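Enquirer: Provided below for reference: sequence and predicted model.
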Amino acid sequence: MTNEEKIDEILTRGVAEVIHKDDLRAKLLKGEPLRIKFGTDPTSPNIHLGRATSIWKLRELQDLGHTIVFIIGDFTGVIGDTSDKDSERPMLSREAVEKNLETYFEQVGKILDMSKVEKHRNTEWLEKLNYREITEHADVFSLSDFISRENIKKRLDEGKRVSLRELLYPLMQGYDSVAIDADLEIGGTDQKFNLLAGRKLQERFNKEPQNIMMLNIIEGLDGRKMSSSWGNTINLTDTANDIFGKVMSLRDELIVKYFEHATRVPMERVQEAEAALGRGENPRDVKLDLAEEIVAMYYGRDEALRARESFLATFQKKEIPDDIEEIKGEGKLGELLKAKEIVSSMTDWRRLVGEGAVKILKEGGVEEKITDDTVLATPGVYKIGKRRFVKIVE
RNA sequence: GCGUCGGUACUCAAGUGGUCAACGAGGGGAGACUGUAAAUCUCCUGACUUCGGUCUUCGAAAGUUCGAAUCUUUCCCGGCGCACCA
């Protein structure tokens, strides 16, 4: 792949919109190192696949020799962004922010070369601003800019509360761009307003406004936008088996999108997958490849292959996974499982037994249903539903 | 501050004296089926239970009543309107 081809892929793959594309393309072709802003709001310690798409984009730019400027939103984090939310986000305590950061770096390090990343906390400059300066920044925006935003408008229409504090968020994120002299900022399409705020403020400070690259938002496990507040995420900290399984549970329509956005396989491979599905090939097999590719990105090929084997063994051949939780103890089985939080209550347990969901696995892959909810726990491997396995040991 | 409307289970949202552990949707769980932990269909989704029942829940507290999520009072929280035009 030539440099130009590489740049064109960066500018299009998984990209929803670039402002301004021609300008950015010219700058990238010229090859002078750009300062690329990567802001993160440490409200959640976990990076999910949706978030990772923009980090991979940064990685590609980093490989081309550009500087990634990593901004830890330790100040904005405690304020709470609402651009992608339909309700107020809670303010985070300082301690929570610090704690989230630890694991955060570790995860970003799986993708970016952290030694080449320039790191900042936005308290560095945001905390120094006084009321007069903030007022000047605020003057760049009009009230209708804010209330015409879809999320804000929706909440307003629904009679929900919108705090004035929230209106400050884009100001701060925008000022980050001023503070670090950003040439380019990358974010999801849901971040458009905040990204544009950076341009507006840079112009106010007589700086060249940054370019903006907006990436498509990918859907999570339930088909809604992947977001940590929905709990429908695939996280980088998930185990290889978990990532694999979660990918397999995605609806079939998302396969191609995930290939394009969540992996770095060549685009030809993406088209190949699309064609395979078009030919009527079993989506499951295409999805197996997808899951393997994604796991391989974070755990390496060997682990990915192992996860694939494990998945096939467990769910296709219905074998017992090799890493089951072991429980010691005696007494009634239901009470034991409740104590270990495998079932949520005795009612839940009885319900499961009633549904025929609890089985003990016998020799030769024979499953025997448990019908008596008062049975005593005897050593052996138990299966609750199709994915919960438990081994009772002496 | 005044007025007014509202606060229901994980989320959204019905219910406005008994038939309410509380409609429906989403989410979650299970079963069937299958091409997969996909899709589809069915069931379940407060807790405890000797399966006859019992207990706890509808912003909080107190009260009316044989009986309250539903009525009254006070308080807390939110929306909207007003505060005579600076």
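Expert: Nice, I can see it. Quick caveat, the model's predicted, so the values are computed rather than measured.
Enquirer: from here on, contacts and neighbour counts on C-alpha atoms
Expert: Noted.
Enquirer: which residues does the residue nearest to the spatial centre of chain A form a beta bridge with?
Expert: In chain A, the centroid-proximal residue (Cα atoms, centre = their mean) is residue A:48; its distance is 2.0 Å. Note on residue A:48: beta-bridge partners residue A:235, judged by DSSP bridges.
Enquirer: so how far is residue A:262 from it?
Expert: To residue A:262, residue A:48 is 10 Å away according to Cα to Cα, to the nearest Å.
Enquirer: Tell me, what's the model's pLDDT at the residue in the stretch 101-250 of chain A that RNA strand B sits nearest to?
Expert: Proximity of the stretch 101-250 of chain A to RNA strand B (Cα to the nearest atom of the strand) peaks at residue A:249, 2.9 Å away. With respect to pLDDT, residue A:249 scores 92.
Enquirer: which residues sit in contact with it?
Expert: Neighbour list for residue A:249: residue A:221 [criterion: Cα atoms under 8 Å, 6 or more residues apart in numbering].
Enquirer: Tell me the secondary structure at residue A:214.
Expert: Secondary structure, DSSP: H, G, I helix; E, B strand; the rest coil: residue A:214 is strand.
Enquirer: my bad, should have said residue A:350
Expert: helix.
Enquirer: all strands of chain A, in order?
Expert: Assigned by DSSP state E, the strands in chain A fall at A:15-19, A:35-40, A:67-72, A:118-121, A:184-188, A:211-215, A:325-328, A:358-362, A:366-369, A:380-384, A:388-393.
Enquirer: got TSV for those, with distance to residue A:281 and mean pLDDT too?
Expert: Below are those laid out as TSV (distance: least, Cα to Cα, whole Å; pLDDT from 0 to 100):
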stretch	distance to residue A:281	mean pLDDT
strand A:15-19	28	92
strand A:35-40	39	92
strand A:67-72	41	93
strand A:118-121	46	92
strand A:184-188	32	94
strand A:211-215	29	96
strand A:325-328	36	89
strand A:358-362	34	90
strand A:366-369	32	87
strand A:380-384	32	92
strand A:388-393	30	91
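Enquirer: Would you format those strands as a markdown table with distance to RNA strand B and mean neighbour count included?
Expert: Putting the strands of chain A into a markdown table (distance: least, Cα to the nearest atom of the strand, whole Å; neighbours: other Cα atoms under 10 Å) gives the following:
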| stretch | distance to RNA strand B | mean neighbour count |
| --- | --- | --- |
| strand A:15-19 | 25 | 17 |
| strand A:35-40 | 25 | 22 |
| strand A:67-72 | 29 | 22 |
| strand A:118-121 | 30 | 16 |
| strand A:184-188 | 22 | 23 |
| strand A:211-215 | 24 | 24 |
| strand A:325-328 | 14 | 13 |
| strand A:358-362 | 7 | 19 |
| strand A:366-369 | 9 | 14 |
| strand A:380-384 | 6 | 19 |
| strand A:388-393 | 6 | 18 |
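Enquirer: of those strands, which approaches residue A:59 most closely?
Expert: In terms of Cα to Cα, the element of these nearest to residue A:59 is strand A:67-72, at 8.6 Å.
Enquirer: ok, back up a step: hang on, the residue nearest to the centre of chain A packs against residue A:231?
Expert: No: the pair residue A:48 and residue A:231 does not pass the contact test of Cα atoms under 8 Å, sitting 10.3 Å apart.
Enquirer: Okay, domains of chain A per the record?
Expert: Using automatic domain parsing, the domain parsing of chain A gives A:3-215, A:240-316, A:325-393.
Enquirer: Which of those comes out lowest on mean pLDDT?
Expert: Among the domains of chain A, domain A:3-215 scores lowest, at a mean of 86.
Enquirer: Residue A:358: what's it in contact with?
Expert: Each residue near residue A:358 by Cα under 8 Å, 6+ apart is listed here: A:352, A:369-370, A:382-385.
Enquirer: ok, back up a step: how about JSON lines for the strands of chain A, with distance to residue A:278 added?
Expert: Compiled in JSON lines, the strands of chain A are given as follows (distance: least, Cα to Cα, whole Å):
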{"stretch": "strand A:15-19", "distance to residue A:278": "23"}
{"stretch": "strand A:35-40", "distance to residue A:278": "37"}
{"stretch": "strand A:67-72", "distance to residue A:278": "39"}
{"stretch": "strand A:118-121", "distance to residue A:278": "44"}
{"stretch": "strand A:184-188", "distance to residue A:278": "29"}
{"stretch": "strand A:211-215", "distance to residue A:278": "26"}
{"stretch": "strand A:325-328", "distance to residue A:278": "41"}
{"stretch": "strand A:358-362", "distance to residue A:278": "39"}
{"stretch": "strand A:366-369", "distance to residue A:278": "38"}
{"stretch": "strand A:380-384", "distance to residue A:278": "37"}
{"stretch": "strand A:388-393", "distance to residue A:278": "34"}
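Enquirer: out of those strands, nearest to residue A:310?
Expert: strand A:388-393 (13.7 Å).
Enquirer: May I have that closest one exported as CSV, CA atoms only?
Expert: Below are the C-alpha coordinates for strand A:388-393, written out as CSV (Å, rounded to 0.1, in the frame of the first residue of the first chain):
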residue,chain,number,x,y,z
ARG,A,388,-23.5,-20.8,33.3
PHE,A,389,-21.3,-23.7,34.4
VAL,A,390,-20.3,-24.6,37.9
LYS,A,391,-18.3,-27.3,39.4
ILE,A,392,-19.0,-28.5,42.9
VAL,A,393,-16.0,-30.0,44.5
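Enquirer: So which residues make contact with that strand?
Expert: A:320, A:324-329, A:377-383.
Enquirer: Mind telling me the two of those residues farthest from one another?
Expert: Across these (Cα to Cα), the longest gap, 21.3 Å, separates A:320 and A:329.
Enquirer: who has more neighbours, the two?
Expert: Using other Cα atoms under 10 Å, the more surrounded residue of residue A:320 and residue A:329 is residue A:320, with 18 against 15.
Enquirer: count of residues packed around the nearest residue to that one once chain neighbours are set aside?
Expert: Closest residue in space to residue A:320, ignoring its immediate chain neighbours: residue A:314 at 5.7 Å, by Cα to Cα, 6 or more residues apart in numbering. Residues lying near residue A:314 (other Cα under 10 Å) number 16.
Enquirer: Residue A:194 now?
Expert: With other Cα under 10 Å as criterion, residue A:194 counts 19.
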